[in-house]
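**Q** heads up, no residue letters with this:
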């Protein structure tokens, strides 16, 4: 860990804390986008593998807070209804995380940037999939596998989960509880997966652990201030900024 901070300039570390705090604020205010913000923000100046390592412990911690805030009763109901999707996401996160270190750095910028741009654009234009009942089971399998692969490689399975819940016409009051369970269990799998892959190691865990503090501070502010502004407008502005940041990651990957 000392070697990591010796190689990471103070200005870059402060920037990483600021980006994490912003991600925590948005998560507290509207319930999503923290991994996307950390990836697209920190990826501007930090190696992509270190970015993924840095977001792991803050994601686990904030998702535990989100589940606890929603209530364990709703969490159990969500797990009972969506166990197939949740199980697939968790398994695929564990599996796909093992391939992260085999991806070249330039390609990794593209792996991180493309999902940010595509998933945020889909949400920004308001597109949603309509499913008939007989397609629910196959859709759960496909969506769970794709979300888990994206989670293991890029640390974000939130936007696909939102699209999955919208496709199933999940009532809005249940979405936060379901998301909390999926994000919470998925983040634990991400932690275990990258302990196994070596991305989270003796040199990187301290960086990730320190980022928990700005993440929780931002989340607390989001809880406090989230009701004071137009959440839909705030969500759309957040998505637009993420698209721009994700496009910049793609540019870095393509141009080298």
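**A** Done, it's in. Keep in mind the model is a prediction, meaning the values are calculated, not measured.

**Q** number of nearby residues for residue 233?
**A** Here the neighbour count serves as a burial measure; for residue 233 (other CB atoms under 10 Å) it reads 9. Quick note: C-beta positions are derived from backbone N, CA and C, even for glycine.

**Q** what helix or strand does it sit in?
**A** Applying DSSP states H and E as the criterion places residue 233 in helix 231-255.

**Q** chain center to that helix: distance?
**A** Between the mean C-alpha point of helix 231-255 and the mean C-alpha point of its chain there is a distance of 14 Å (CA atoms, centre = their mean, to the nearest Å).

**Q** what's whichever strand or helix holds residue 142 in contact with?
**A** Secondary-structure element containing residue 142, defined by DSSP H and E: helix 136-154. Under the contact criterion CB atoms under 8 Å, 6 or more residues apart in numbering, helix 136-154 has outside partners 35, 39, 52, 82, 84-100, 103, 111-112, 115, 129, 131, 156-157, 160-161, 163-164, 167-168, 186, 189-190, 193.

**Q** Give me the subset of those residues lying in strands.
**A** Under the assignment DSSP state E, the contacts of helix 136-154 contribute nothing to strands.

**Q** buried subset of these?
**A** Neighbour counting by 16 or more other CB atoms under 10 Å classes 35, 39, 52, 82, 85-86, 88-90, 92-94, 96-97, 100, 103, 111-112, 115, 156-157, 160-161, 163-164, 167-168, 186, 189-190, 193 among these as buried.

**Q** hey, where'd the helices end up in the protein?
**A** Taking DSSP state H as the criterion, the chain carries its helices at 2-7, 10-30, 34-42, 48-70, 72-81, 83-96, 105-125, 136-154, 158-167, 172-197, 205-210, 212-225, 231-255.

**Q** List the buried residues of the helix holding residue 142.
**A** Applying 16+ other CB under 10 Å to helix 136-154 flags 139-140, 143-154 as buried.

**Q** cool, stretch 24-40 as well?
**A** Residues of stretch 24-40 classed as buried: 24-29, 31-40 (neighbour count, 16+ other CB under 10 Å).

**Q** can you give me the mean pLDDT across that stretch?
**A** Along stretch 24-40, the predicted local confidence has a mean pLDDT of 84.

**Q** roughly how far is that stretch from the heart of the chain?
**A** In this view, stretch 24-40 has its centroid 8 Å away from the chain centroid, taken as CA atoms, centre = their mean.

**Q** Give me the distance between the two termini of it.
**A** By CA to CA, to the nearest Å, the extent of stretch 24-40 from end to end equals 14 Å.

**Q** go on, stretch 98-107?
**A** Stretch 98-107 has an end-to-end distance of 16 Å (criterion: CA to CA).

**Q** what residues does it touch?
**A** By CB under 8 Å, 6+ apart, the list of residues contacting stretch 98-107 from outside reads 47-49, 52, 108, 111, 152-153, 193-194, 196-199, 252-254, 256.

**Q** How about stretch 183-198?
**A** 52-53, 56-57, 59-60, 63-64, 66-67, 75, 86, 89-91, 93-98, 100-101, 148, 151-152, 155, 157-158, 161, 200.

**Q** quick check, distance from that stretch to the centre of its chain.
**A** Here stretch 183-198 is found 12 Å from its chain centre; the criterion is CA atoms, centre = their mean.

**Q** Average pLDDT for it, rounded please.
**A** The average pLDDT within stretch 183-198 is 92.

**Q** in it, what's buried?
**A** Residues of stretch 183-198 classed as buried: 183-194, 197 (neighbour count, 16+ other CB under 10 Å).

**Q** swap in stretch 168-176?
**A** For stretch 168-176, using 16+ other CB under 10 Å, the buried residues are 168, 170, 175, 176.
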